[in-house]
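Chemist: whatever this is, show me its structure:
(2 chains)
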Protein chains: 2
Amino acid sequence: MTMTYDMPAFYDGLVSNGLILPSGVPGVFGRGAMYERVIAGLNHALDELAKDDGYDVINHPPVLPRKLLEKVNYLESFPHLCGSIHSFMGNGLEALRLAEKAHAGEPWGDMLVQSDVVMSPAACYSIYPLFKGQLPEGGRTIGVNNWVYRHEPSAEPTRMMAFRMREFVRLAGVDEVVPWREMWLNRFKALFEALQLPAHAEVASDPFFGRAGKMMAASQIEQKLKFELMVPINSLESPTALVSFNYHQTKFGETFEILQANGELAHTACIGIGMERITMGLFKHLGFDPRQWPESVRQRLWIHGQV
Amino acid sequence: MTMTYDMPAFYDGLVSNGLILPSGVPGVFGRGAMYERVIAGLNHALDELAKDDGYDVINHPPVLPRKLLEKVNYLESFPHLCGSIHSFMGNGLEALRLAEKAHAGEPWGDMLVQSDVVMSPAACYSIYPLFKGQLPEGGRTIGVNNWVYRHEPSAEPTRMMAFRMREFVRLAGVDEVVPWREMWLNRFKALFEALQLPAHAEVASDPFFGRAGKMMAASQIEQKLKFELMVPINSLESPTALVSFNYHQTKFGETFEILQANGELAHTACIGIGMERITMGLFKHLGFDPRQWPESVRQRLWIHGQV
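Modeler: Here you go, the predicted model:
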């Protein structure tokens, strides 16, 4: 059977099967029971993959301190993706005007004030400040499972504004961090084969903004700092990145003063796992009903009986 | 043994035991492995409680459409709690200025524009618009498990800005909705007894804003529209609401044009379950190490062996 690609038809199938429930805003939707069951199954498969890694779980809410976003210079690279949380800090009379405006459908954003928190655009940012100082011998490995946010409304079902990103983060020396990233790339190649997802790896770059961003992207590609595992979902020509394998050199080590046990700056890497995109990939390639998926896939995802 | 209440000491204990990891902003923190293990155990216990209820799972991201917040008149009642997401929609030169400002520690919020989404302040709001039209005979029951946000930075460990709220939502006739709420109150009284949490129920009101809010609160109390199960955590005198049992009459039925099978306006109720607050309550009353909790509690929360 040859897979055909028709993005609107795929989106409609997700909706008509109760897997996603549109909210009226592109990139924001509810998730039905079976969709959530696949997410849980993926988490189970990842727990299994990493069970002997000795990692520590640290999960964060979907927000982080504004100062942290400023510190990693996020706005230099991705100003177009940020989400800043603004709140009302006025008095009773102002509150009345605010409610009136909102009720009348008039803009009310200018009555709010930027708060101390922003949407978390990547699951690992909250981790680095926790490790200021010296790492133990062999470094640390952290597991993270957060909601992240990027302001990019889109009709693509795989491009959400809010989505779950699980990450594994390694903080250590270059000789530990780089082979660890390679190991995870191989783990995911094998996992995707077992899940019957047709994936290929590519050297990739982040979606840097503007003209200067083009140079940053070229440099990132030249140094092979980012790999992505791509699976066609919306179209065959433009496959979707499901997992990214990122080596940050000493960028976060410098910014957050993280040192190896030997006193040198720590190197870091992270594996960014797009939980929702993998789920979408499974629905695209194996069909909308997990009860009909191949038994080997179901076992891997811990989907038993009638689910 | 008499329980003593010392909020700073309790907070310090949560931190020194690796259960929470401060971010620098009050009300925003990371969660360690054991904290997350208790959350998972609570979810398991709730799955068990509701397993014969025939409810449908619909989970949402931590954001919802701004128009939905306007439609439920949230800003009339709780303007002080809202979080609106603002994003950058400018050109390359403006992006440079934005990055410069952020880098220099200057305010940059006025360079952003209010977007189409806001933080979700309650887990159930996203559900009602999905049920416009006629409900089936017997109505519907929905299970929801979302991150929600309220702008109320606080030193109280139990008052977070972002937190997980699981909810069960009932849409049906008054004769189904009101006894259902009562049933859940009784279920939680029994669950909290099994978990050894000293709880009592109170007629309660929402934290309405300002002078008009006082009247709304008084009316809510008079009509017994809201009950809360309270457990002392930060102090004995001011116990913390862990679960709320809310009857909305036909408020959401009217707003979202939801009808019963007989054509009358639907009544709705929701059970708002503060997952993080129950977890905090367990650490307060049973100690910081779930491996030392009574076996009956551990079984109920599915905490086995060394966890």
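Chemist: can I see the domain layout of chain A?
Modeler: A:7-83+A:121-300, A:85-118 (automatic domain parsing).
Chemist: looking at the ones you listed, which is buried most?
Modeler: Among those, the stretch with the highest mean neighbour count (mean count of other C-beta atoms under 10 Å in any protein chain shown) is domain A:7-83+A:121-300, at a mean of 19. The way it works is simple: take the backbone N, C-alpha and C, and place the C-beta from them, glycine included.
Chemist: and the end-to-end length of that domain?
Modeler: Its start and end residues considered, domain A:7-83+A:121-300 measures 27 Å (C-alpha to C-alpha, to the nearest Å).
Chemist: not counting sequence-adjacent ones, nearest residue to A:P65?
Modeler: Residue nearest to A:P65 in three dimensions, not counting chain neighbours: B:V25, with 4.6 Å by C-beta to C-beta, 6 or more residues apart in numbering or on different chains.
Chemist: before we move on, the earlier item: dump the domains of chain A to CSV, plus mean pLDDT.
Modeler: Putting the domains of chain A into CSV (pLDDT from 0 to 100) gives the following:
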stretch, mean pLDDT
domain A:7-83+A:121-300, 97
domain A:85-118, 95
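Chemist: now do the contacts for A:A99.
Modeler: By C-beta atoms under 8 Å, 6 or more residues apart in numbering or on different chains, A:A99 lies in contact with B:N73, B:L75, B:E76, B:P79.
Chemist: which SSE is the third one in?
Modeler: Spelled out, that is B:E76. Here B:E76 sits within helix B:74-77, counting by DSSP states H and E.
Chemist: which outside residues touch the helix or strand that that helix is followed by?
Modeler: Using DSSP H and E, the helix or strand that follows helix B:74-77 in sequence is strand B:84-87. Identification of contacts with strand B:84-87 by C-beta under 8 Å, 6+ apart yields A:80, A:82-87, A:109, A:112, A:114, A:119, A:149, A:151, B:63, B:66, B:109, B:112-115, B:117-119.
Chemist: what about the helix holding B:E76 and chain A, touching?
Modeler: Yes - using C-beta under 8 Å from any C-beta of the partner chain, helix B:74-77 comes into contact with chain A via B:L75, B:E76.
Chemist: quick one: distance of that helix to the chain centre.
Modeler: 17 Å (C-alpha atoms, centre = their mean, to the nearest Å).
Chemist: hmm, who's touching that helix?
Modeler: When contacts are defined by C-beta under 8 Å, 6+ apart, helix B:74-77 is touched by residues A:88, A:95, A:98-99, A:102-103, A:108, B:69, B:82, B:121, B:125, B:206, B:208-209, B:213, B:216.
Chemist: do a quick rundown of the helices in chain A.
Modeler: Secondary structure of chain A (DSSP state H): helices located at A:7-16, A:33-49, A:66-71, A:74-77, A:92-103, A:174-194, A:210-222, A:251-255, A:275-286, A:295-300.
Chemist: out of those helices, nearest to B:V231?
Modeler: Closest to B:V231 of these, according to C-beta to C-beta: helix A:33-49, at 28.8 Å.
Chemist: quick one on the thing from earlier: closest one to B:I39 out of the contacts of helix B:74-77, please.
Modeler: When these are compared against B:I39 (criterion: C-beta to C-beta), the nearest one is B:P121, at 20.3 Å.
Chemist: any idea what the spatially closest residue to A:G24 that is not a sequence neighbour is bridged to?
Modeler: Take A:G24 and drop its neighbours on the chain: the residue closest to it by C-beta to C-beta, 6+ apart is B:P65, 5.4 Å away. Beta bridges link B:P65 to B:V117, judged by DSSP bridges.
Chemist: list the contacts of B:P65.
Modeler: A:S23, A:G24, A:V25, A:V28, B:D116, B:V117, B:V118.
Chemist: how close does the most far-flung residue of chain A relative to its centre get to B:K67?
Modeler: Largest separation from the mean C-alpha position in chain A: A:L93, at 41.3 Å (C-alpha atoms, centre = their mean). Separation of A:L93 from B:K67 (C-beta to C-beta, to the nearest Å): 25 Å.
Chemist: now A:H248
Modeler: Using C-beta to C-beta, one gets 39 Å for the distance from A:H248 to B:K67.
Chemist: A:P232 too?
Modeler: In terms of C-beta to C-beta, A:P232 sits 34 Å off from B:K67.
Chemist: quick one: residues contacting the residue in the stretch 201-307 of chain A positioned nearest to chain B.
Modeler: Chain B sits closest to A:G210 of the stretch 201-307 of chain A, with a gap of 4.5 Å, by C-beta to the nearest C-beta. Neighbouring residues of A:G210 by C-beta under 8 Å, 6+ apart: B:G92, B:A95.
Chemist: also A:P136?
Modeler: Counting by C-beta under 8 Å, 6+ apart, A:P136 touches A:A261.
Chemist: how does it look with 10 Å?
Modeler: Shown in contact with A:P136 (C-beta atoms under 10 Å, 6 or more residues apart in numbering or on different chains): A:A172, A:Q260, A:A261.
Chemist: need those in TSV (columns: distance to B:F188).
Modeler: Listed next are those as TSV, based on distance: C-beta to C-beta, whole Å:
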residue	distance to B:F188
A:A172	46
A:Q260	49
A:A261	48
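Chemist: pLDDT at A:I303, what is it?
Modeler: pLDDT, A:I303: 89.
Chemist: that one: neighbour count?
Modeler: Using other C-beta atoms under 10 Å in any protein chain shown, A:I303 has 20 neighbouring residues.
Chemist: measure it to B:I233 for me?
Modeler: 38 Å.
Chemist: again with A:G253
Modeler: 38 Å.
Chemist: next: A:N262.
Modeler: Remark: distance between A:N262 and B:I233 (C-beta to C-beta) = 44 Å.
Chemist: also A:G109?
Modeler: Where B:I233 is concerned, A:G109 sits at a distance of 36 Å (C-beta to C-beta).
Chemist: what do you get for A:R300?
Modeler: As judged by C-beta to C-beta, A:R300 and B:I233 stand 41 Å apart.
Chemist: what does A:I39 give?
Modeler: 31 Å.
Chemist: go on, A:S77?
Modeler: Remark: distance between A:S77 and B:I233 (C-beta to C-beta) = 41 Å.
Chemist: also A:L96?
Modeler: 35 Å.
Chemist: same check on A:Q292?
Modeler: Plainly put, A:Q292 is 47 Å away from B:I233 if you go by C-beta to C-beta.
Chemist: what separates stretch A:184-202 from the chain centre, distance-wise?
Modeler: Put simply, stretch A:184-202 sits 17 Å off its chain's centre (C-alpha atoms, centre = their mean).
Chemist: for stretch A:24-37, same thing?
Modeler: So, by C-alpha atoms, centre = their mean, the centroid of stretch A:24-37 is 16 Å from its chain's centroid.
Chemist: same check on stretch A:75-84?
Modeler: 15 Å.
Chemist: which bits of the stretch 151-300 of chain A sit near chain B?
Modeler: Neighbours of chain B within the stretch 151-300 of chain A, by C-beta under 10 Å from any C-beta of the partner chain: A:151-153, A:160-164, A:209-213, A:276.
Chemist: rerun that using 8 Å as the cut-off
Modeler: Residues of the stretch 151-300 of chain A lying close to chain B (C-beta under 8 Å from any C-beta) are A:H151, A:P153, A:M160, A:M161, A:A162, A:F163, A:F209, A:G210, A:R211.
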